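[1] here you go, sequence then predicted model.
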Amino acid sequence: MDPSAVTRRVWELAEPLVLGAGLELIDVQYRPEGGRLVLRLLIDRPEGGVTIDELARVSRELGDVLEAHDAVSGRYQLECSSPGVNRPLLRELHFRRALGQRVRVRTHGPVRDRRVFHGTLEAVSAEGVTVHDPDVGSVVLPFGAI
């Protein structure tokens, strides 16, 4: 099965379970690591500070759901973890929470002849974000480019 199809299907199955536990699904990753396939879910509390017990409970319940729906074929390692300090910013809400903080934003294609911007997140709108990168100044990056 295509890795992007697996991540989409796992997201569909995992999000209601995660939300029901009062948590937030940040990202789903499915890729080979160290000769094995790893299915990793990044989960946090909306206000931060998910516990190991919460992650273990979600992992057990999700394992049963994935097996019941045959969502992932073959052998894989399921990991549920906190996104940590260097959490990915994937949705508008994630960027809003990081407003005023230092961020690293990577774009799909060049913007001002660059693909990576490091700086302070100055603004967030429904269309995109503004990052003040000391090397190029303030840059507006549409969500479609990130």
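    Great, that's in hand. This one's a predicted model, so the numbers in the text were calculated from it and none came from an experiment.
[2] use CA for all of it now, contacts and neighbours both
    Noted.
[3] and the residue nearest the centre of the chain, what is it in contact with?
    Against the mean C-alpha coordinate of the chain, by CA atoms, centre = their mean, the closest residue is residue 27 at 3.0 Å. Residues near residue 27 by CA atoms under 8 Å, 6 or more residues apart in numbering: 41-43, 88, 90.
[4] which helix or strand contains it?
    strand 24-33 (DSSP states H and E).
[5] now do residue 48
    Using DSSP H and E, residue 48 is not contained in any helix or strand.
[6] next, give phi and psi for it.
    Reported as degrees, to the nearest 10, the phi and psi values for residue 48 are phi 90, psi 160.
[7] what's around it, how many residues?
    Under the neighbour criterion other CA atoms under 10 Å, residue 48 is assigned a count of 13.
[8] cool, the one 10 residues further on as well?
    When neighbours are counted by other CA under 10 Å, residue 58 registers 22.
[9] how about the contacts made by it?
    17-18, 21, 80 are the contacts of residue 58 under CA under 8 Å, 6+ apart.
[10] what helix or strand does it sit in?
    Assessed by DSSP H and E, residue 58 sits inside helix 52-68.
[11] kindly report the same for residue 138.
    strand 137-142.
[12] what comes up buried for that strand?
    Going by neighbour count (16 or more other CA atoms under 10 Å), the buried part of strand 137-142 is 138-139, 141.
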